[in-house]
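Trainee: everything below, folded, please.
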Amino acid sequence: MRQYHLLAGKEALITGAGQGIGRAIALEYAAEGAHLILFERKAETLEALREELLARGCSVTAHVLDITDYPAVTEAVARSGPIDILVNNAGIFRVGTILEDTLNDWRHVLHINLEALYYLTKQVAPHMVKRKSGRIINLTSIAGWNSRGNVGSYNASKGAVIAFTKSLAVELAPYNILVNAIAPGFVRTAQMSDENGNDLTEEASFREWYVERRYIPLGRVAEPTDVAGVAIFLASDYCRYMTGEVLTVDGGLLARR
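Mentor: The predicted structure is shown next:
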């Protein structure tokens, strides 16, 4: 059995940590020895995660905040220790065609998925630059490349995160800061696979096409832990010479296209 921890002594800040992929990453990072700084807007889910981590003997600091509340974000970062790993995970998903959605709908999605990611990164990056060390991991989506046609704001925000990741990687490379992204495919989470109150991944038509007929070659929808494993690699010393990359975690879905 392995006796070492890949992230021992590291300070990791994770946004949207109370549920789904963020929660899975938090649990995996804690198991690898990281001290966690958690941002989450839902107090009940964050407190449940904090209690679970403390019961396991993990080190955790939790902040209930909205990542678009920039003064609160600035204060929370200032109160934290040196951040070694930043995981920009928080995001929202909204269905609506160009004929149905509104300018406010569009702005809301980009505000959370892109602008807030930019703002938090801007708060953390200067400290990494001073230490000439750090990892920034952005959660994007295969929707940044492909669209089904009715989630334009989400597609645009995730495509922009891919472009921003590559830009940051070039900018921060002289300071030994690695910037990469993870692009999940279909993941079973309460907030991101829900469409109009239904779990898209459990609908009969979805399961027939994507699972039973294996349009997803691995024949299943991802679980949050499938994504968390990739986040561990990108934060660990096993990832030393990779930056500006987008790692796709989609069960082979894009390989068909």
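
Trainee: which ones are touching the most centrally placed residue in the chain?
Mentor: Of all residues in the chain, the one closest to the mean position by Cα atoms, centre = their mean is Asn89, 2.5 Å from it. Listed by Cβ atoms under 8 Å, 6 or more residues apart in numbering, the contact set of Asn89 reads Ile14, Thr15, Gly16, Ala17, Ile21, Gly22, Ile25, Leu139. In short, each C-beta sits where N, CA and C put it, glycine included.

Trainee: tell me the mean pLDDT over stretch 36-51?
Mentor: Mean per-residue pLDDT for stretch 36-51: 97.

Trainee: straight-line length of it, end to end?
Mentor: 13 Å (Cα to Cα, to the nearest Å).

Trainee: repeat for stretch 59-70
Mentor: 25 Å.

Trainee: tell me the mean pLDDT over that stretch?
Mentor: Here the average pLDDT along stretch 59-70 is 97.

Trainee: what's that stretch in contact with?
Mentor: Residues lying outside stretch 59-70 but in contact with it, judged by Cβ under 8 Å, 6+ apart, are 15-17, 30, 34-43, 46-47, 49-50, 53-54, 72-73, 76, 80, 90, 111-112, 115-116, 119-120.

Trainee: same question for stretch 154-164.
Mentor: For stretch 154-164, using Cβ under 8 Å, 6+ apart, the contacting residues are 88, 91-94, 109-110, 113-114, 117-118, 138-141, 143-145, 147, 181, 183, 246.

Trainee: may I see the buried residues of it?
Mentor: Buried residues in stretch 154-164, counted by 16 or more other Cβ atoms under 10 Å: Tyr154, Asn155, Ala156, Ser157, Lys158, Gly159, Ala160, Val161, Ile162, Phe164.

Trainee: which of those lies closest to Ala222?
Mentor: Lys158 (15.9 Å; Cβ to Cβ).

Trainee: quick one: the closest one is in a strand?
Mentor: No - counting by DSSP: H, G, I helix; E, B strand; the rest coil, Lys158 falls outside a strand, being helix.

Trainee: that one and His5, how far apart?
Mentor: Per Cβ to Cβ, to the nearest Å, Lys158 is found 31 Å from His5.

Trainee: now swap in Ala34 and tell me
Mentor: Separation of Ala34 from His5 (Cβ to Cβ) stands at 8 Å.

Trainee: got a list of what the spatially closest residue to Ala48 that is not a sequence neighbour touches?
Mentor: In space, and not counting its chain neighbours, Ala48 is closest to Gly18: 7.6 Å by Cβ to Cβ, 6 or more residues apart in numbering. The neighbours of Gly18, taking Cβ under 8 Å, 6+ apart as the test, are Leu38, Glu40, Arg41, Lys42, Thr45, Leu46, Ala48, Leu49.
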